[in-house]
Structures are given as C-alpha cells and as structure tokens.
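>>> I need the structure of the sequence given here:
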Amino acid sequence: MTDWRQVVEELVAERSAEIEARLERFAVASLEVLVTALEARDPFMSGHSMRVAALSASLADAMGLDESQVEAVRLAGRLHDVGMMVISEQVVNRVGTLTEAERVQIRQHPVVGHQILLPYPHLREIARFIRGHHERWDGQGYPDALAGEAIPQGARIVAVVEVYDALVTSRSYRRDSLNPGEARAQMEALAGTALDPAVVRALSSVIGQKRTLQFLIDDAQSLAGAAPAAPAL
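Numbering: from 1, shown residues only. Prediction:
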C-alpha cells in the first residue's frame with residue numbers, strides 16, 4: 001500500500017531543495033552584477049574580479065583543493081571587492097596619495113563585503129575569504145591582523161592573485177604594467193612577509209607552465225587605452 005504521506009513529504013522536500021538552489025544562484029548572480037557595476041566606476045578596474053576569479057581557481061586546483069573548494073575560491077575572487085560599494089567614486093579614482101581618512105575608508109571594504117555575504121548560509125565560507133583577502137602572512141594586514149595559517153587559505157590565494165593582477169595591469173595610480181616575469185619576481189620578494197610562500201610558489205608554477213586561464217580583454221579599457229592587452233603567459 002502506498003504511503004501517500006511519505007510521498008508528499010518527499011515531493012515537498014525535493015521542491016524545497018530546488019527553490020533553495022534557485023535562490024542561492026540568484027543571490028550569487030545579483031552580487032556578481034553589483035561587482036560589475038562597481039568596477040564600471042573605474043575603467044582601470046573593469047574585468048579585475050573576473051581575472052582574479054579565474055586565476056584564483058587555477059591556483060586552488062594546482063594546490064590540490066577539491067572541486068567544491070576550488071569553486072569557493074573562484075567565487076571569493078569574483079566577489080572579493082563587493083564591499084567597495086561603500087567607497088566613494090572620488091576615492092576609487094584618486095590618482096595621487098590617499099589621505100589617512102581615505103585609507104581608513106578603503107580598509108573597510110573587506111569588512112563590508114563579509115557583512116554583505118554573511119546572511120547567506122551557503123556563502124559564509126566565501127565571506128571569510130573576502131574578509132581576509134587583505135590580511136598579510138606576517139600579521140601586518142587588515143582588518144583583523146591575522147598571520148600565517150590563521151588566515152583562511154582561500155583568502156591567502158585571492159590575496160596573491162590580486163597583487164599579481166595589480167602588477168600586470170595598468171591602474172589609475174600607475175600606468176606602467178609589468179610583464180609576467182617581472183611580476184613573478186616581485187611576488188617572490190613578498191613571499192613570507194605580505195604573502196603566503198606556498199601560494200606564491202603555486203602562482204609561479206601555474207604561470208610558468210602556462211596553465212592559468214586566459215585573461216579577459218575588456219573593450220572599455222581597450223578603447224580608453226587604459227589597460228594593456230592580456231599578458232602573454
């Protein structure tokens with residue numbers, strides 16, 4: 001005899017899971033749209049989060065993380081600057097030296113990004129990565145002055161990739177970019193102080209073996225003459 005109550009309960013559970021999965025995808029898609037809009041304020045930053053996401057995923061894979069962890073790191077790279085929504089456009093586009101008040105404002109963005117993602121249960125690990133992506137291996141970073149392996153691994157990976165991307169692309173405060181070899185040399189000089197040495201080694205390996213995903217070339221940057229073509233890895 002069919003237990004209709006059990007059948008109904010199973011159907012409800014299945015449908016609830018489907019709805020939850022859709023809501024989770026919608027939340028992520030909405031946050032990605034927000035990041036893209038924030039990057040549009042600064043032509044030098046357009047495409048930054050997509051490049052960081054792609055290379056962060058490559059490093060996570062090279063370091064032996066499993067598929068779910070690789071995806072978490074990729075998504076953290078994609079959303080790491082969502083907290084920049086609290087930073088004024090004047091500060092974002094500043095060419096000269098930031099004032100102390102502006103530096104304090106900039107340093108709030110990892111905390112704000114963490115707070116934005118924290119209400120979503122499926123994004124809480126990613127929220128931790130975002131909060132920690134400006135921590136330093138030597139404990140001199142922000143916002144929590146974490147050091148070494150106390151910094152979540154995903155945050156350490158995104159931190160390395162963000163520095164690399166800043167070196168190989170033009171910025172409002174520095175028009176000249178480095179080639180991948182020059183950037184790798186600078187990264188290696190930061191290993192053990194600002195950056196996790198193991199992640200820097202993984203970066204050198206990935207770049208050296210040309211395993212990283214191709215950087216995206218943004219049309220707006222090309223038209224503005226603001227950004228170099230994707231580096232030849």
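>>> hey, let's count contacts and neighbours off CA atoms from now on
Fine.
>>> Quick test: name the residue nearest the centre of the protein.
With distances taken as Cα atoms, centre = their mean, the residue of the chain nearest its centroid is residue 77 (2.1 Å).
>>> roughly how far apart are that one and residue 132?
To residue 132, residue 77 is 12 Å away according to Cα to Cα, to the nearest Å.
>>> Tell me who's in contact with the residue nearest to residue 165 when sequence neighbours are not counted.
Excluding its sequence neighbours, the residue lying closest to residue 165 (Cα to Cα, 6 or more residues apart in numbering) is residue 52, at 7.0 Å. For residue 52, the contacting residues are 74, 77, 78, 158, 161, 162, 165, by Cα atoms under 8 Å, 6 or more residues apart in numbering.
>>> Give me the buried subset of these.
74, 77, 78, 158, 161, 162, 165 (16 or more other Cα atoms under 10 Å).
>>> now those residues as a markdown table including distance to residue 194, pLDDT and secondary structure?
Listed next are these as a markdown table, based on distance: Cα to Cα, whole Å; pLDDT from 0 to 100; DSSP: H, G, I helix; E, B strand; the rest coil:
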| residue | distance to residue 194 | pLDDT | secondary structure |
| --- | --- | --- | --- |
| 74 | 21 | 96 | helix |
| 77 | 18 | 97 | helix |
| 78 | 21 | 96 | helix |
| 158 | 13 | 98 | helix |
| 161 | 13 | 96 | helix |
| 162 | 12 | 95 | helix |
| 165 | 15 | 92 | helix |
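>>> Roughly how far does residue 37 sit from residue 170?
19 Å.
>>> just residue 73 next, same as before
In terms of Cα to Cα, residue 73 sits 24 Å off from residue 170.
>>> For those two, work out which one has more neighbours and name it.
For residue 73 versus residue 170, neighbours defined as other Cα atoms under 10 Å are more numerous around residue 73 (34 against 21).
>>> So for stretch 100-114, mean pLDDT?
Averaged over stretch 100-114, pLDDT sits at 91.
>>> Over to it now: how far is its first residue from its last?
With Cα to Cα, one end of stretch 100-114 sits 23 Å from the other.
>>> Contacts for it, please.
80-87, 91, 127-128, 130-134, 142-143.
>>> and stretch 76-90, which residues are buried?
Taking 16+ other Cα under 10 Å as the criterion, stretch 76-90 shows 76, 77, 78, 79, 80, 81, 82, 83, 84, 85, 87 as buried.
>>> And it, end to end?
Across stretch 76-90, first to last residue, Cα to Cα, it's 26 Å.
>>> now swap in stretch 145-164 and tell me
Stretch 145-164 end-to-end distance (Cα to Cα) = 22 Å.
>>> which parts of that stretch are buried?
Those would be 145-148, 151-164, for stretch 145-164 by 16+ other Cα under 10 Å.
>>> what residues does that stretch touch?
Residues contacting stretch 145-164 (Cα under 8 Å, 6+ apart): 52-53, 55-56, 59-60, 72-73, 76-77, 126, 128-140, 183-184, 187, 195-196, 199-200, 203.
>>> rewinding a little: looking at the buried ones among the contacts of residue 52, which is nearest residue 122?
residue 74 (14.3 Å; Cα to Cα).
>>> ok, the closest one - contacts?
Applying Cα under 8 Å, 6+ apart, the residues contacting residue 74 are 52, 53, 54, 56, 57.
>>> how does it look with 10 Å?
By Cα atoms under 10 Å, 6 or more residues apart in numbering, the contact list for residue 74 reads 49-60, 68, 80, 126, 154, 157-158.
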